[in-house]
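> A predicted structure for the sequence below; I have some questions about it.
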Amino acid sequence: MFARSAFRAAAPLGQSFRQYSSNTAPKATTATPWIVAGAALATGTFGYTYLGNQQTVHAEAHNPGAKAFTGGDQGFVSLKLIEVESYNHNTKKLKFALPDEDMTSGLPVTSAVITKYKGPSDEKPTIRPYTPVSDENDKGHMDLLIKVYENGPMSTHLHNMAVGQSLDVKGPIPKYPWTENKHDHIALIAGGTGVTPMYQLTRAIFKNPNDKTKVSLIFGNVTENDILLKEEFEKLENEYPQRFRVFYTLDTPPKDWAYGKGFITKELLKEVLPDASQENIKVFVCGPPPLYKAISGMKKSPTDQGELGGILKELGYTQDQVYKF
Ligand SMILES: Cc1cc2nc3c(=O)[nH]c(=O)nc-3n(C[C@H](O)[C@H](O)[C@H](O)COP(=O)(O)OP(=O)(O)OC[C@H]3O[C@@H](n4cnc5c(N)ncnc54)[C@H](O)[C@@H]3O)c2cc1C
């Protein structure tokens, strides 16, 4: 059974995750940590750079049922902001209208979009990738969950946008192509906003009744308030307890926090990941640079996964078993 084999209860971790034991406060683990606080403070942009068609398309023609993002030479599509929701102390949910109300984003799972913005005094435009949290088949809109970083040009611009303003968006930026039952069991290791690609993949798996993939999410954050999409993940856990489990760990947990405390460590991963010797598993990683460094080694570029390193290598996973978003 999934719950038994994938999440073997062992003493220290059994204390860390309520599902497997009690409400007692968890003990911090130690080996090879990446600092979860680093998720909020670390420099870098997930190492993303982008070169390509920078032209903006004003896709105003009515084209019901079509996809908003077709890639190739399409260039950037100008999308109007139609709704802003304050999500938590540093994150907003931004809803953009697709060019036609019958259009879907058309983004394949998994893929991202890139956004472009050039401020009045900027020499060059800023370009950053985001993974929408709306469903790929939602009609007429695309939603982004955006955390603001101090002096971060794109996230600050997005947080300052007013309803009615437009943003240049291009996609799809293909990531790991998913087909149903491609792997028996996948593990998703995420820090902070690195969870959005994991949510895209999880959503696609569980909305497809033919897809029987088991999913383990290991999700590090600074505080409980920083956990994005917690309700959505809890709903899936309740609906699919044999196939979906989430392990949260917080740098600064509240009193009586029933999950993990501190860093994503080797001990934690050894405990909750499917064993490297199991056939047909895949481990996905997404988060700030310190997370990649500690867990999997850095990506070299958006198209070069770089060598596998970090804890996953130490635990015996192979290059082929790991994908860095
Ligand atoms: C595939 C992919 C999907 C992504 N999806 C999302 C998403 O859905 N929502 C979202 O908010 N972000 C997402 N990101 C991150 C996003 O692309 C930007 O890196 C982020 O918005 C910061 O951009 P910026 O221009 O505001 O700041 P930057 O100029 O890039 O950084 C400013 C400062 O903010 C801090 N910082 C920047 N990025 C991070 C980070 N990731 N972790 C910790 N500290 C950081 C650093 O201190 C940095 O010096 C994603 C990244 C990737 C690779």
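On my side now, so go ahead.
> wait, residue 115 sits on residue 173?
No. Between residue 115 and residue 173 no contact is recorded; they are 10.9 Å apart, counting by CB atoms under 8 Å. C-beta: built from backbone N, CA, C; applies to glycine.
> what about the residue of the stretch 151-300 of the chain found nearest the ligand, how many residues close to it?
The nearest approach of the stretch 151-300 of the chain to the ligand comes at residue 152, 2.3 Å away (CB to the nearest ligand atom). The number of residues packed near residue 152 is 16, by other CB atoms under 10 Å.
> near the ligand at all, stretch 200-215?
No. No part of stretch 200-215 sits close enough to the ligand to count as contact by CB under 6 Å from any ligand atom; the gap is at least 9.2 Å.
> list residues touching both of residue 115 and residue 173?
Overlap of the contact sets of residue 115 and residue 173 (by CB atoms under 8 Å, 6 or more residues apart in numbering) consists of residue 129.
> identify the bridge partners of the spatially closest residue to residue 227 that is not a sequence neighbour.
In space, not counting the residues next to it along the chain, residue 227 is nearest to residue 221; the distance is 5.1 Å by CB to CB, 6 or more residues apart in numbering. Going by DSSP bridges, residue 221 is paired in beta bridges with residue 250.
> gap between residue 221 and residue 287?
As defined by CB to CB, to the nearest Å, residue 221 lies at a distance of 10 Å from residue 287.
> repeat for residue 132
From residue 132 across to residue 287, the span is 18 Å (CB to CB).
> that older thread, more crowded one of residue 115 and residue 173?
Under the neighbour definition other CB under 10 Å, residue 115 and residue 173 were set side by side, and residue 115 has more, 24 against 20.
> what's around residue 247, how many residues?
Other residues within reach of residue 247 by the criterion other CB under 10 Å amount to 25.
> repeat that for the one 3 residues further on.
Around residue 250 there are 23 other residues, counting by other CB under 10 Å.
> how about it, what does it touch?
Taking CB under 8 Å, 6+ apart, we find residue 250 in contact with 36, 220, 221, 222, 223, 224, 227, 257, 259, 260, 261, 262.
> rerun that using 7 Å as the cut-off
Under the criterion of CB atoms under 7 Å, 6 or more residues apart in numbering, the contact partners of residue 250 comprise 36, 221, 222, 223, 224, 257, 261.
> most neighbours among the residues you listed, which one?
Most neighbours among the contacts of residue 250, by other CB under 10 Å: residue 36, with 28 neighbours.
> have a look at residue 132 and residue 287 and say which one is more surrounded.
Neighbours of residue 132 and residue 287, each counted by other CB under 10 Å, are more numerous for residue 287; the result is 29 against 25.
> right, and that one touches residue 193 too?
No. Taking contact to mean CB atoms under 7 Å, the distance of 8.0 Å between residue 287 and residue 193 leaves them out of contact.
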